[in-house]
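**Student:** Below are the sequence and a predicted model; questions follow.
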Number of protein chains: 6
Amino acid sequence: MTREHRYTHGLEVLERIDGEAGRRVVDTLADTSPELGHQIVAWAFGDMYARPELAPRERQLVTLGILTALGGCEIELDVHINAALNVGLSPMEISEALLHSAVYCGMPRAINATLVAKKVFGERGLLPLTNVS
Amino acid sequence: MTREHRYTHGLEVLERIDGEAGRRVVDTLADTSPELGHQIVAWAFGDMYARPELAPRERQLVTLGILTALGGCEIELDVHINAALNVGLSPMEISEALLHSAVYCGMPRAINATLVAKKVFGERGLLPLTNVS
Amino acid sequence: MTREHRYTHGLEVLERIDGEAGRRVVDTLADTSPELGHQIVAWAFGDMYARPELAPRERQLVTLGILTALGGCEIELDVHINAALNVGLSPMEISEALLHSAVYCGMPRAINATLVAKKVFGERGLLPLTNVS
Amino acid sequence: MTREHRYTHGLEVLERIDGEAGRRVVDTLADTSPELGHQIVAWAFGDMYARPELAPRERQLVTLGILTALGGCEIELDVHINAALNVGLSPMEISEALLHSAVYCGMPRAINATLVAKKVFGERGLLPLTNVS
Amino acid sequence: MTREHRYTHGLEVLERIDGEAGRRVVDTLADTSPELGHQIVAWAFGDMYARPELAPRERQLVTLGILTALGGCEIELDVHINAALNVGLSPMEISEALLHSAVYCGMPRAINATLVAKKVFGERGLLPLTNVS
Amino acid sequence: MTREHRYTHGLEVLERIDGEAGRRVVDTLADTSPELGHQIVAWAFGDMYARPELAPRERQLVTLGILTALGGCEIELDVHINAALNVGLSPMEISEALLHSAVYCGMPRAINATLVAKKVFGERGLLPLTNVS
């Protein structure tokens, strides 16, 4: 498999999961670190994300947990909350995952991630959430 | 004690400590994660903050240390530097607590937190600090 | 609902999810911070974990992501990798979730979490994993 | 003020606050990084900790918050929980400060710090805590 | 060496390494925490950075690794990517150091740091990078 | 280039940089997450570390900065302090890089990393460091 093939395969995965938003990050990196863009596409999506051992929906739950815990990842949370919706998590499930994170990484990280969810949900016309307790 | 009572009690604590700023965070969360708002009020303030084992002034010193160390918590630092002033810490004491944090979590975290303090102190007409060495 | 009822309810959830390991952490805290033990049981498990909006299996995926990203949580990862097995995640799925985390929080955090999984899987006679690619 | 004077002054502060434990850390570093030992003594204690703008008791509350939030600082928490006792915080206040941290940096960090407190309190014959709610 | 001498010496180092940007941070802190500004100048630059045991170019590589890993340090990364250019690292080397960091602290931190590099390189007319693979 | 070729190439890089210690980590992961071992070898070393844009010595300076800042990476610091020696950094330079990190991520992280360096230097008969100021 050539470097080219790995990239093409990864790009197909990236676009299926992240949609336009993931592609935009890679394009933004092109003049400063094309290799970082390549590794996001070919390795992170093509080699890692595409593995069948976990469903995309489950990968997104792990990813939301990580990005919330790390902090300072608002840009990436934006992409990955969009991705979570794309792969079938409901707004309520995403909101609940971020609420759950408060137990393990504290209220500030949970609040910050939920504010990103508010932005993404708003952009996609999903607010207010209904049926949330 | 009902869920309602716990909320009402927590809200009274929240408003005494954080003033308008804490309430605004909870309101902002209402359409995306009302339960996160509930837990901030009922649990974080009503159950935890209200405990008499530490004075509010001492809780704020611990909180400032945590938020500075975590990084990426500018929104929460804004609320909690206001809260620190509300519960009786002087601007000079807050500034000193953030300076002290440089020893334990490094200059960048201390600088970032001090820039939030500069914003809050400025909004409250407290700059320049006097009697600082 | 009294403080007592919230504790009793939480303990039932804790024991169903974490088994003996979670109870052991609470018991260890009893002479130093009984209130921390109470909050883990009554709040973290009784109020938060028990919510039906996410299945336990999904909560554990978020939790594994958070604990891996935080680092320095080997004790808690031990409890929560056991919990992940208890609620129906297979060793292969857990291993894959930790592999996935390498993309988002780097190799060292993924390695450290996988070393805890190795310990837990070994104790439960689940090694070597089969059918892993 | 010579480098020598700054060191001598810092050592006096270090020994008053941290007792034997702080000195032991500096001694351990002597064959690998004597300059790190020097900076801990002359800068962290002599220049920073000794400033009168916050009382030692208040500095320790900030420090406990930071070390709990950082994670992976069990060695330093051991020294600083001892220091907290040395400067007049009661075991109950220390335990409460660590409980309070659960709100802002999550249960795992609070548990880990409380386990260090349990060790220190045990070594100093302070367990079980009495009058804790 | 007086406090004054240490400051003057540090300021000379700061201006050689960080140029105008470092001085601007110190000036911004002047009304809120002049002592933090003093410590950045006199200690961080005068005492620590000026030590001859590592070349400035090598110190900047360590610093870029730390700031990337910490996250939430965009302000400081801006100053230190400028500093890295000032002490002789090429844009390509800086970009590669941030790419390298993806292995150890994950893609999101590497992306965030690279976006700061894109801003700094753009301001200095260095984009697009040439000869990057 | 097949998966097999990428692995073989990466293993050659890993062994040149990390020596026996890196191989041992991969072997330890074999029964729990062989794919994580594969990615460390084929991707982290074969694809990323092997790139010529930075010298190994410079990559290790970035890596030491990251691992020190992350905290809780004692296992990986052990491997990478050995690697730093293998690629030509002197004990004094390593010690200085960790001292430098105190400015940016605080004393506790710098102390913890230096304690790992003390262990590695001791095992390789390099203590006490001479010519350190």
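**Tutor:** Received the coordinates, thanks.

**Student:** mind checking which helix or strand residue A:77 is in?
**Tutor:** Assigned by DSSP states H and E, residue A:77 belongs to helix A:74-86.

**Student:** touching chain E at all, that helix?
**Tutor:** Yes: Helix A:74-86 is in contact with chain E by Cβ under 8 Å from any Cβ of the partner chain, via A:75-76. From N, CA and C alone the C-beta is placed, and that goes for glycine too.

**Student:** what's that helix packed up against?
**Tutor:** With contacts taken as 3 or more Cβ pairs under 8 Å, 6 or more residues apart in numbering or on different chains; DSSP states H and E, helix A:74-86 sits against helix A:3-18, helix A:20-29, helix A:56-70, helix A:91-105, helix A:107-123, helix E:107-123.

**Student:** now the helix or strand of chain A with the lowest mean pLDDT against helix A:3-18, angle please.
**Tutor:** Of all the helices and strands that make up chain A, helix A:20-29 has the lowest average by mean pLDDT, DSSP states H and E, namely a mean of 94. Interaxial angle, helix A:20-29 versus helix A:3-18 (axes from the mean of the first three to the mean of the last three Cα atoms, to 10 degrees): 130 degrees.

**Student:** Helix A:20-29: what's the following helix or strand?
**Tutor:** helix A:34-39.

**Student:** near chain E at all, that next one?
**Tutor:** Yes: with Cβ under 8 Å from any Cβ as the criterion, chain E is reached by helix A:34-39 at A:34-36, A:39.

**Student:** Top of these by number of neighbours, please.
**Tutor:** Using other Cβ atoms under 10 Å in any protein chain shown as the neighbour test, the residues of helix A:34-39 next to chain E are led by residue A:39, with 27 neighbours.

**Student:** okay, the helices and strands packed on helix A:74-86 in a markdown table with distance to chain C and mean neighbour count next?
**Tutor:** As requested, these are arranged in a markdown table below (distance: least, Cβ to the nearest Cβ, whole Å; neighbours: other Cβ atoms under 10 Å in any protein chain shown):
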| stretch | distance to chain C | mean neighbour count |
| --- | --- | --- |
| helix A:3-18 | 12 | 17 |
| helix A:20-29 | 13 | 17 |
| helix A:56-70 | 3 | 27 |
| helix A:91-105 | 4 | 26 |
| helix A:107-123 | 9 | 22 |
| helix E:107-123 | 6 | 22 |
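
**Student:** okay, now residue A:126: neighbour count?
**Tutor:** With other Cβ under 10 Å as criterion, residue A:126 counts 19.

**Student:** Local confidence estimate at it?
**Tutor:** What the model reports for residue A:126 is a pLDDT of 97.

**Student:** pretty sure it is in contact with residue A:92, am I right?
**Tutor:** No: applying Cβ atoms under 8 Å, one finds residue A:126 not in contact with residue A:92, separated by 9.7 Å.

**Student:** for chain B, what are the nearby residues on chain A?
**Tutor:** Contact residues (Cβ under 8 Å from any Cβ) of chain A with chain B: A:71-72, A:95-96, A:98-99, A:102, A:106-112, A:114-115, A:117-118, A:121, A:127-129, A:132-133.

**Student:** one step back: list the helices and strands the least confident helix or strand of chain A packs on?
**Tutor:** helix A:3-18, helix A:34-39, helix A:74-86, helix E:107-123.

**Student:** any low-confidence regions in chain A?
**Tutor:** A:131-133 (pLDDT under 70).

**Student:** still on that earlier bit, what would the least confident helix or strand of chain A look like as PDB? C-alpha coordinates only.
**Tutor:** Coordinates of each C-alpha in helix A:20-29 appear next as PDB, following Å, rounded to 0.1, in the frame of the first residue of the first chain:
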ATOM      1  CA  GLU A  20     -16.600  19.000   5.900                       C
ATOM      2  CA  ALA A  21     -15.200  20.100   9.300                       C
ATOM      3  CA  GLY A  22     -12.400  17.500   9.400                       C
ATOM      4  CA  ARG A  23     -11.400  18.300   5.800                       C
ATOM      5  CA  ARG A  24     -11.200  22.000   6.700                       C
ATOM      6  CA  VAL A  25      -8.700  21.400   9.600                       C
ATOM      7  CA  VAL A  26      -6.500  19.500   7.200                       C
ATOM      8  CA  ASP A  27      -6.700  22.200   4.600                       C
ATOM      9  CA  THR A  28      -5.900  24.800   7.200                       C
ATOM     10  CA  LEU A  29      -2.700  23.000   8.100                       C
END
